[in-house]
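Peer 1: sequence below, structure please.
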Amino acid sequence: MTQQPSVVEVWGSDTPRRELLHVDDLADACVCLMNLALAVYASKTEPMRSPLNVGTGVDLSIRELAELYLDVTGFQGELRFDPTKPDGTPRKRPGWRARTNLRAGLAQPYAWYLSHFCQFATLVLGNAGLSALRALLDQLSYQSLPIGEPQC
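Peer 2: So this is what the prediction gives:
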């Protein structure tokens, strides 16, 4: 089993806030917008300024996001912020209501990754190729990323 790193470093301060949206909710919002009557759409936009902001209405700090991600992945090490690095883009205002909360949105693809990695790698690479890939991942990714190791 590969050893996890002891520290995860996040660029910037821990105070900027972000709003994240699950892809299933974005697809749902797109279908909703495509089904709107033109009069309803026009009442929610301005001429020549028709983009709509689709969001969850819930934001969290970069620290809260990092802590949630580490909790979802089971990381037990230290979380460190580097305030000498940039904080990123400013926060955008929410609009539309999403159905998928952030924890579920992080946990779902992570669980899928853990459950499908070995099956996919074996299908594509065969057993010998999977062994070679696991050896490469042991040397590269799992030494630097706070993620669980697929059980093959």
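Peer 1: list the contacts of the spatially most central residue of the chain.
Peer 2: Nearest to the geometric centre of the chain sits Leu106, at 5.6 Å (CA atoms, centre = their mean). For Leu106, the contact set (CB atoms under 8 Å, 6 or more residues apart in numbering) comprises Leu68, Tyr69, Val72. For the C-beta atoms, the positions are set from N, CA and C on the backbone; glycine is no exception.
Peer 1: where does the chain dip in pLDDT?
Peer 2: By pLDDT under 70, the low-scoring segments of the chain are 1-4, 48-51, 89-97, 118, 121, 130, 133-134, 136-152.
Peer 1: helices of that one, residue ranges please.
Peer 2: Per DSSP state H, the chain carries helices over the ranges 23-34, 38-44, 62-73, 102-139, 141-144.
Peer 1: quick one: the fourth one to chain centroid distance?
Peer 2: Centroid separation for helix 102-139 versus its chain: 17 Å, with CA atoms, centre = their mean, to the nearest Å.
Peer 1: what angle separates it from helix 62-73?
Peer 2: Interaxial angle of helix 102-139 relative to helix 62-73 (axes from the mean of the first three to the mean of the last three CA atoms, to 10 degrees): 70 degrees.
Peer 1: how about TSV for the helices of the chain, with distance to Trp11 added?
Peer 2: Output for these, formatted as TSV (distance: least, CB to CB, whole Å):
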stretch	distance to Trp11
helix 23-34	24
helix 38-44	36
helix 62-73	9
helix 102-139	19
helix 141-144	15
